[in-house]
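**Q** The following block contains a protein sequence and its predicted model.
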Amino acid sequence: MAASPAQRRRWEREQARLRASVLEEDTEPWQKQPQFAGLHRVGGVDLSYSKGDESRACAFLVVLSYPDLEVLYQDCRMVPVTTPYVAGFLAFREVPVLVEAVQRLQQEEPQLQPQVLLVDGNGLLHPREFGIACHLGVLTDLPCIGVAKNLLHVDGLVRDELHKEQVRSLQRSGEAFPLTGTSGKVLGMVLRSHSNSSRPLYVSVGHRVSLGTAVSLVRACCRFRIPEPIRQADIRSREYLRRQPCAPVPASPQSKSETESED
DNA sequence: GCGACAG
DNA sequence: ATCTTGTCGC
């Protein structure tokens, strides 16, 4: 199911409205300290889906200690998913349930609240400079960093031979190069996050963080190619799906009456 | 018009 | 995102 032109326009308007609240610079003291002194908790979020079932997903939020990267908190929830995935509008599918997860954490374990959140997907590296990492950041007011595993074609950026060659030029773990769009703006950085994987990461600003800090922090969180907070959320959410393939969605109090007479 | 397109 | 086992290599 593709999104109608009208739906896309509504989504674009919403993105433009929220885009105005994005902060692209470091706003936290620890972000300017050597070795990120003062940083103790890094969060990660991810959703996993099972094969045939497009209607539900497992939403996972983890908080890891820094710099040890040990799991301090985890929140797992089977959630109904109604919005389809449309490139450029991922946030409308995944952000609502992630916001709820963050709110549960803030209410139940406020002392474990993450000081920064790594998000699966892009931030400013987006057609309207407002990817899921920006969206989640603005709605939660948490510093957020976008970490994508594939390049989203935007502002003239494409995964052509030149790009592949630039990626090949990243020899050592930690090396990176900027992604400058046709507009001249630097929308993100391509980072080789691990010595054993030639596939890079696409890091971009989400909210309340500078691009340089974002890349440095992602580097510091990588035991393997995928930064540990996102990797743990990913591993644990799939593991949950594997064990609870048919777990029922928590029934709402009055779900009968509104099942058939809608429009 | 066709293809490309985060998760 | 998901479907999929073993296997080659450091």
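**A** Right, received. Where do you want to start?
**Q** And for residue A:235, the neighbour number?
**A** Applying other C-beta atoms under 10 Å, we find 15 residues neighbouring residue A:235. C-betas here are computed from N, CA, C, even on glycine.
**Q** Now do the same for it: helix, strand or coil?
**A** When classified by DSSP: H, G, I helix; E, B strand; the rest coil, residue A:235 comes out as helix.
**Q** Residue A:42 now?
**A** Looking at residue A:42 with three-state DSSP, the answer is strand.
**Q** give me the number of residues near it?
**A** Neighbours of residue A:42 (other C-beta under 10 Å): 28.
**Q** Verify the stated contact: it with residue A:113.
**A** No: look at residue A:42 against residue A:113 with C-beta atoms under 8 Å: they stay out of range, at 11.3 Å.
**Q** any shared contact partners between those two?
**A** residue A:63 (C-beta atoms under 8 Å, 6 or more residues apart in numbering).
**Q** Roughly how far does whatever residue of the stretch 51-200 of chain A ends up closest to DNA strand C sit from residue A:79?
**A** Closest residue of the stretch 51-200 of chain A to DNA strand C, C-beta to the nearest atom of the strand: residue A:51 (3.6 Å). Residue A:51 is 17 Å from residue A:79, where distance means C-beta to C-beta, to the nearest Å.
**Q** can you check residue A:38 too?
**A** In terms of C-beta to C-beta, residue A:38 sits 33 Å off from residue A:79.
**Q** what do you get for residue A:29?
**A** Taken as C-beta to C-beta, the span from residue A:29 to residue A:79 is 35 Å.
**Q** okay, and for chain A, where does confidence drop off?
**A** A:245-263 (pLDDT under 70).
**Q** Tell me the residues of it that contact DNA strand C?
**A** A:48, A:49, A:50, A:51, A:120, A:149, A:238, A:241 (C-beta under 7 Å from any atom of the strand).
**Q** The same query, at a cut-off of 10 Å, please.
**A** By C-beta under 10 Å from any atom of the strand, the residues of chain A that approach DNA strand C are A:46-54, A:57-58, A:85, A:90, A:94, A:120-121, A:148-150, A:195-196, A:226, A:230, A:234, A:237-238, A:241-242, A:245.
**Q** contacts with DNA strand B among these, please.
**A** Among the residues of chain A next to DNA strand C, DNA strand B is touched by A:46-49, A:54, A:57, A:85, A:90, A:94, A:120-121, A:148-150, A:226, A:230, A:234, A:237 when using C-beta under 10 Å from any atom of the strand.
**Q** Right, I'll call it a day here.
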